Structures are given as C-alpha cells and as structure tokens.
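Undergrad: from the sequence below, what's the structure:
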Amino acid sequence: MQIPTEPIGSIPRPPSLIDAIEALGSGTDPRLDGLYEEATRETVEQFEKTGSPVITDGEQQKYHNFWTYSVEGAPNMAPDGFRIPFAAGHVRRMPRLTAGPFRYQRYADQYLTRARRYTRAPLKQAVISPSALSLLYPEEGLPDYPREAFIEDLLHEHVLEVRRCLAKGAHKVQIDFTEGRFAVKIDPSHALLASFIDLNNLALARFTPAERSRLGVHTCPGGDRRSTHSAQVDYAELLPSLFQLRVPNFYIALAGETDRPRVLKIIRDHLRPEHRVFVGVVAPIDPRLETPEEVRDRVLEAASYIPVAQLGTTDDCGFSPFCDDVLTTRETAFAKIRARVAGTALASRELRST
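TA: Residues are numbered from 1 along each chain as shown. Have a look, this model is predicted:
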C-alpha cells in the first residue's frame with residue numbers, strides 16, 4: 001500500500017515579490033500581478049520536481065498571510081485587531097471589523113485558476129477556517145450589526161469559498177485551524193475551543209457527504225520566523241476536540257513534538273474508522289534538513305499506532321504562512337518536501353514487505 005503524502009500550503013515567496021510588496025505598501029496593488037504570475041509559475045514547476053503527488057501554488061498569491069487573505073483591502077477593516085504573540089517575541093495582528101456587512105474580498109478558487117495554467121498535477125487548496133475569521137469581530141460588538149448576523153455572513157462566505165474551490169477541481173480543500181491549540185492557551189477552560197469547534201461544524205454541516213469527503217482540517221502550534229504561538233499547550237488539550245470536527249481528513253503537526261509516541265497514542269485513542277490522519281514528518285521551522293531515512297522512521301513509528309490504511313504524511317505547517325518571513329529559503333522548503341516524499345515511499349515499501 002502506498003501511503004499518501006500531501007503538502008500543507010505555503011512556500012517562501014521569491015525575494016523580488018516580497019520586496020515589491022513592501023515597496024508598494026500593499027499586496028493588492030495591481031502592479032504586482034506580473035510578479036504573482038511568475039512566482040506561481042516557478043513555484044508550481046519546482047513543486048512538481050519534488051515528486052510530490054499533490055501540490056499547491058505555494059500560497060504565492062495570498063498577499064500578506066494565510067489568515068486574512070480573504071479580507072485584505074476591505075474598507076470596513078482597521079489594523080488594530082486580535083493579537084497573536086509568538087515565542088520569539090514578535091506579534092502578528094489581525095484586522096478588526098468596523099462595520100457590517102462582512103464579505104470576502106476574494107475567494108481562494110482564483111489561486112487554483114492561476115496555478116492550473118502551469119500544471120495538470122492534483123492541486124490542493126488551503127482556506128482559512130470560520131473560527132479564525134470570527135476573531136475579526138470586536139469583543140464590544142458593533143452597532144446595527146449583531147454578532148449573530150456576522151456569524152451567518154461568515155458561514156455563507158466560507159461555504160461559498162470552499163464550494164468554488166471544489167468546483168474548480170481542487171483535489172482537497174484544507175481548512176486551516178491553527179487557532180485551535182492557541183485557543184487553549186488563551187482560555188484554559190476550553191470554552192473558546194468548544195465554540196470554535198461548534199462554529200466550524202456549523203459550516204461543515206452545510207456540505208454534502210460527497211463534498212466533505214474532499215475536505216480536511218490542519219492543526220499546528222503556529223509556524224513563523226522559526227517560532228510558534230502555542231507549542232507549550234499539551235496536544236491532549238486539543239486532539240479529543242479536534243476529532244469532533246465533521247471531516248474525514250486531519251493534517252496534524254507532529255515532527256516538531258518532543259514526545260511523538262504520546263501524541264500518537266492520543267490520536268489512536270480518538271481515531272474513527274472514517275478518518276485518515278496525515279502526520280507531520282518534516283518541521284518547516286527547523287533549519288536542519290531531514291533525511292529520507294529519518295522521515296521513513298517517523299512514518300514507521302506512526303504506523304505502529306495508526307492503521308496504515310488510515311495513515312498519510314505531510315509537513316508540520318506551511319513553510320512561510322506570513323509573506324515577510326524569509327528565515328526559511330525556497331531551496332530549503334523544496335528540499336524538505338523531497339525528503340518527505342522519498343521517506344514516505346521508503347516506508348511504504350518497507351510496510352509492504354512485512
């Protein structure tokens with residue numbers, strides 16, 4: 001049996017694109033379109049050369065980051081929104097909704113359209129979760145736009161985006177849920193995490209079983225400038241709730257964990273027959289390059305806890321979720337992906353022979 005392997009999403013942008021975005025002060029400036037086109041073409045070509053059976057556009061076109069790409073440039077957003085502190089000491093900040101209604105400025109299917117010009121390989125598309133975008137709404141509320149109306153608009157926009165991606169032929173649509181572990185950090189009572197799970201399940205309930213079969217959820221402790229936002233949170237505080245999400249595919253950061261067997265036991269104890277778990281076997285924020293043999297051993301370790309028929313491999317996180325993170329090079333990212341692909345193949349052959 002060949003163990004499936006998939007990427008998470010982002011690849012570091014070319015320096016020329018990053019410099020141009022900084023010089024223009026906006027990732028949405030139309031003068032950048034040619035650079036986005038070239039970055040997408042080159043990324044897709046390099047991704048194919050890794051041998052990865054599923055590829056992405058590397059999120060070259062997601063402007064500043066994976067979290068707020070859909071609302072960049074919206075007139076009803078202020079820059080002083082929710083704060084996301086990282087262990088390295090820096091803080092990422094979300095926009096803040098200032099008035100209703102809530103509408104996306106763009107949908108991720110446009111990224112599939114551009115990437116498809118350059119490949120016939122299966123393309124995966126990552127989208128941000130409703131729970132992450134729910135943090136745009138201010139805690140004090142908004143006059144004439146109650147939270148209930150915002151949530152309904154948010155769910156509508158998310159479902160529309162996912163369906164547009166499926167209609168464009170996305171191999172999978174991955175819902176990024178990095179805020180899950182972070183929710184436990186800021187609210188140890190688990191009330192915030194429970195509300196996130198409930199909100200995302202409200203969205204997932206609107207899809208048909210056939211649509212949900214092509215959906216998955218990614219969780220990680222964050223990955224930015226070789227740092228995380230919630231790695232100190234015990235996975236045991238997240239994973240039981242994570243598996244309540246109504247999707248069949250789970251992409252779980254694992255390579256960067258200090259006690260992988262303990263995490264794998266938790267996964268085993270909450271895994272359902274309809275689930276497939278893609279475990280992270282390379283760590284994007286670790287500058288050290290994993291070898292195929294090291295990846296093989298991590299896959300075999302996971303296979304001792306997870307049935308092989310329900311196992312897949314992935315990267316722990318995207319390699320550059322935030323556009324201005326230049327600590328990981330494009331060359332390193334593609335080298336780690338090649339190691340993932342080769343190591344997964346080694347493990348598949350060994351498992352077939354046993």
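
Undergrad: any low-confidence regions in the stretch 51-200 of the chain?
TA: Within the stretch 51-200 of the chain, no stretch has pLDDT under 70.

Undergrad: and with 80 instead?
TA: 63 (pLDDT under 80).

Undergrad: quick one: the helices in it?
TA: 109-116, 130-133, 147-167, 179-186, 191-204 (DSSP state H, counting those that start in this stretch).

Undergrad: closest to Arg340 out of these?
TA: helix 109-116 (19.9 Å; CB to CB). Heads up, the C-betas are built off the backbone N, CA and C, glycines and all.

Undergrad: pLDDT score for Ala23?
TA: Note for Ala23: predicted pLDDT of 88.

Undergrad: from Arg13, how far out is it?
TA: In this view, Ala23 and Arg13 are 14 Å apart by CB to CB, to the nearest Å.

Undergrad: and what of Gly280?
TA: Counting by CB to CB, the gap between Gly280 and Arg13 amounts to 22 Å.

Undergrad: swap in Ala210?
TA: 35 Å.

Undergrad: Ala194 touches Pro240, doesn't it?
TA: No - look at Ala194 against Pro240 with CB atoms under 8 Å: they stay out of range, at 11.1 Å.

Undergrad: so Ser129 touches Gln174, yeah?
TA: No - between Ser129 and Gln174 there is no contact under CB under 8 Å: 10.0 Å.

Undergrad: more crowded one of these two?
TA: Neighbour count, other CB atoms under 10 Å: between Ser129 and Gln174, Gln174 has more, with 27 against 22.

Undergrad: residue contacts, the residue lying closest to the more buried one once chain neighbours are set aside?
TA: Leaving aside its sequence neighbours, Gln174 sits nearest to Ala126 (CB to CB, 6 or more residues apart in numbering; 4.6 Å). Ala126 is in contact with Ile8, Gly9, Thr56, Glu59, Phe66, Ala108, Val173, Gln174, Ile175, Asp176, His218, Gly318, counting by CB atoms under 8 Å, 6 or more residues apart in numbering.

Undergrad: rerun that using 6 Å as the cut-off
TA: Gly9, Gln174, Asp176 (CB atoms under 6 Å, 6 or more residues apart in numbering).

Undergrad: partner residues bridging the last one?
TA: Judged by DSSP bridges, the bridge partners of Asp176 are Ile128, His218.

Undergrad: what about it, distance to Ser353?
TA: 36 Å.

Undergrad: who has more neighbours out of those two?
TA: Taking neighbours as other CB under 10 Å, Asp176 and Ser353 compare with Asp176 leading, 23 against 6.

Undergrad: those strands in the chain, which residues are they?
TA: Here the chain has its strands, by DSSP state E, at 77-78, 83-85, 91-93, 96-97, 124-128, 172-176, 215-219, 249-252, 276-282, 311-315.

Undergrad: now tabulate the helices of the stretch 51-200 of the chain in CSV and tack on mean neighbour count and distance to Thr328.
TA: Converted to CSV, the helices of the stretch 51-200 of the chain look like this (neighbours: other CB atoms under 10 Å; distance: least, CB to CB, whole Å):
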stretch, mean neighbour count, distance to Thr328
helix 109-116, 19, 21
helix 130-133, 23, 22
helix 147-167, 18, 26
helix 179-186, 23, 21
helix 191-204, 18, 28
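
Undergrad: nearest to Val295, out of those helices?
TA: helix 179-186 (23.4 Å).

Undergrad: next, the buried residues of the longest helix belonging to the chain.
TA: Longest helix of the chain, by residue count under DSSP state H: helix 330-353. By 16 or more other CB atoms under 10 Å, the buried positions in helix 330-353 come out as 330, 332-334, 336-348, 351.

Undergrad: and for stretch 289-299?
TA: For stretch 289-299, the neighbour count (16+ other CB under 10 Å) marks Glu290, Pro292, Glu294, Val295, Arg296, Asp297, Arg298, Val299 as buried.

Undergrad: which of the residues you listed sit farthest apart?
TA: Pairwise over the buried residues of stretch 289-299, using CB to CB, the maximum falls at Glu290 and Val299, 11.5 Å.
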